[in-house]
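Student: here is my input, please return the structure:
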Amino acid sequence: MLVFIDESGDPGMKGKSGTSDYFIITAVVFEDHDEATRCDERIGQLKLRLLPCGGEFHFDNCARDRREQFLVETGKFEYFYFTFAFNKSRLYGDGFQYRNSFYRYAVNLLFENLKPHLNHAIVVFDRCGNRDFQKELKKYLTRYTETDSRHPALIQRIKAEESHSNNLLQLADTVCGAAARFLRRDKKDRYLYRKIISHREMSLRIWPR
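Tutor: This is a model prediction of the structure:
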């Protein structure tokens, strides 16, 4: 089992200049390694066709038609995704004022919901992402790498890789971006991308409602 993690937004609370309305965390899960390899190869082919000058797929940096083609083609492979979106306008409590405790809570909520689906998972996140988020993610997941004869490990390994060299991290980025766009009421295409991958959605929860 392979799990690819990406996040969107920031932990800054409402009222602070330049902060996002939501903090979003997404897990893209492949239960079968061979299926993940096939999806990886297909993304490589898409790069040759859609990104002839090189580069990688990032939701924010791609035009609408490229986002659509990418999500349609990768959606043919067997993965599912979980997304939690934290509505910062409704968050209360001193802990949310501190980025590390905010990230800790976000990771905990995502993986507590993912836990029933995990079995010796390899969890991969972007080495070039937010360092504080990575720190809390690794700290939280390490507790699930321990195993004994009665309780097999939920997490087999935790890996940091660079998204430009990992096509499936680019998939996680684009799926997370689709969720973030869905929450943008000012965008005309807000429903488009989520609809394309609706058959891959295990959960997209906005918290608190």
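
Student: can you map out the strands along the protein?
Tutor: 2-8, 22-30, 80-87, 121-126, 155-161, 201-207 (DSSP state E).

Student: got TSV for those strands, with mean neighbour count, mean pLDDT and distance to Leu141 too?
Tutor: In this view, the C-beta of every residue, glycine as well, is placed from N, C-alpha and C. Below are the strands of the chain laid out as TSV (neighbours: other Cβ atoms under 10 Å; pLDDT from 0 to 100; distance: least, Cβ to Cβ, whole Å):
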stretch	mean neighbour count	mean pLDDT	distance to Leu141
strand 2-8	25	95	9
strand 22-30	24	96	11
strand 80-87	21	94	15
strand 121-126	23	94	6
strand 155-161	16	92	5
strand 201-207	15	94	19
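
Student: residue contacts, the residue lying closest to His164 once chain neighbours are set aside?
Tutor: With sequence-adjacent residues excluded and distances taken as Cβ to Cβ, 6 or more residues apart in numbering, His164 is closest to Glu56, at 4.7 Å. Residues in contact with Glu56 (Cβ atoms under 8 Å, 6 or more residues apart in numbering) are Lys47, Ser163, His164, Gln170.

Student: kindly state the beta-bridge partners for Glu7.
Tutor: Going by DSSP bridges, Glu7 is paired in beta bridges with Ile25.

Student: isn't it right up against Ile25?
Tutor: Yes - contact status for Glu7 versus Ile25: in contact at 4.8 Å, counting by Cβ atoms under 8 Å.

Student: shared neighbours of the two, which are they?
Tutor: Shared contacts of Glu7 and Ile25 (Cβ under 8 Å, 6+ apart): Ala106, Cys176.

Student: dump the residue contacts of the nearest residue to Asn166 once chain neighbours are set aside.
Tutor: In space, and not counting its chain neighbours, Asn166 is closest to Val124: 6.8 Å by Cβ to Cβ, 6+ apart. Residues near Val124 by Cβ under 8 Å, 6+ apart: Leu2, Val3, Phe4, Ile5, Lys159, Ala160, Glu161, Asn166, Leu168, Leu169.

Student: from Asn61, how far out is the second one?
Tutor: Using Cβ to Cβ, to the nearest Å, Val3 is found at 24 Å from Asn61.

Student: all helices of this structure, in order?
Tutor: 33-50, 64-74, 99-114, 131-142, 167-182, 192-196 (DSSP state H).

Student: got the buried residues for the second one?
Tutor: Read it as helix 64-74. Buried residues in helix 64-74, defined by neighbour count with 16 or more other Cβ atoms under 10 Å: Arg66, Arg67, Gln69, Phe70, Leu71, Glu73, Thr74.

Student: export those to JSON lines and tack on distance to Ser89 and pLDDT?
Tutor: JSON lines is the format used below for the buried residues of helix 64-74 (distance: Cβ to Cβ, whole Å; pLDDT from 0 to 100):
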{"residue": "Arg66", "distance to Ser89": "32", "pLDDT": "96"}
{"residue": "Arg67", "distance to Ser89": "27", "pLDDT": "97"}
{"residue": "Gln69", "distance to Ser89": "34", "pLDDT": "97"}
{"residue": "Phe70", "distance to Ser89": "31", "pLDDT": "98"}
{"residue": "Leu71", "distance to Ser89": "28", "pLDDT": "98"}
{"residue": "Glu73", "distance to Ser89": "36", "pLDDT": "98"}
{"residue": "Thr74", "distance to Ser89": "32", "pLDDT": "98"}
